[in-house]
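Asker: any chance you can model this:
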Amino acid sequence: MSEIEKDDAKVAALQAFEKWSNYLLVTTVAAAGWIASKNVTFNSGNIRSAALWCFGIAIVFGIFALALVPLVAQTMSSERSIYYVRVQFRILGRVYHAYLTQACRPQHVFFIAGIMLYCLGTGEDLWIGAVVVALALAYGYLSKPKYVVLARSSPVAQLDH
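Answerer: Down below sits the predicted model:
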């Protein structure tokens, strides 16, 4: 793959990341608004509050993730992945550095936690949820490809070693 093709692939990856982050941010804002509106009956006010906090934190990190996208676009060069680009920015005169993963991972984790708390807080029987979660985790684990050959130069192959 030529350098131009590699750059085009990184630009496409960054565009896909930005699009996904936008969708997730809009979805998270809608979920937070819905839960905050009290149109949903929760079994516990504490669980409603925890879900709302998780969605709020996911929103903040989603905004951070989108704010990093132009900086990544300006900074990326020879990195293997958009997730390895270290960007620099200033807040109140102080210099900071960050990677996309420092914003998108918390965004995803807190969004998922908010969804799980929503299910916990609105579900009737906890044991049914436990069975569904166990089945989902088993299905995810068993869905892993059995025969995958990774090139030594691929980022995934390098991370595995």
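Asker: and Tyr99, what is it in contact with?
Answerer: By C-beta atoms under 8 Å, 6 or more residues apart in numbering, the contact set of Tyr99 is 83-87. From N, CA and C alone the C-beta is placed, and that goes for glycine too.
Asker: make TSV out of the residues you listed and add neighbour count and secondary structure.
Answerer: Shown next, in TSV, are the contacts of Tyr99 (neighbours: other C-beta atoms under 10 Å; DSSP: H, G, I helix; E, B strand; the rest coil):
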residue	neighbour count	secondary structure
Tyr83	16	helix
Tyr84	14	helix
Val85	21	coil
Arg86	13	coil
Val87	19	strand
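Asker: which one of these is nearest Asn22?
Answerer: Taking C-beta to C-beta as the measure, Asn22 lies nearest Tyr83 of the contacts of Tyr99, at 17.8 Å.
Asker: am I right that the closest one is in contact with Leu100?
Answerer: Yes. The pair Tyr83 / Leu100 is scored as a contact, 5.4 Å apart, by C-beta atoms under 8 Å.
Asker: quick one: average pLDDT of the longest helix along the chain?
Answerer: Using DSSP state H to define each element, the chain has its longest helix at helix 3-36. For helix 3-36, the mean pLDDT works out to 89.
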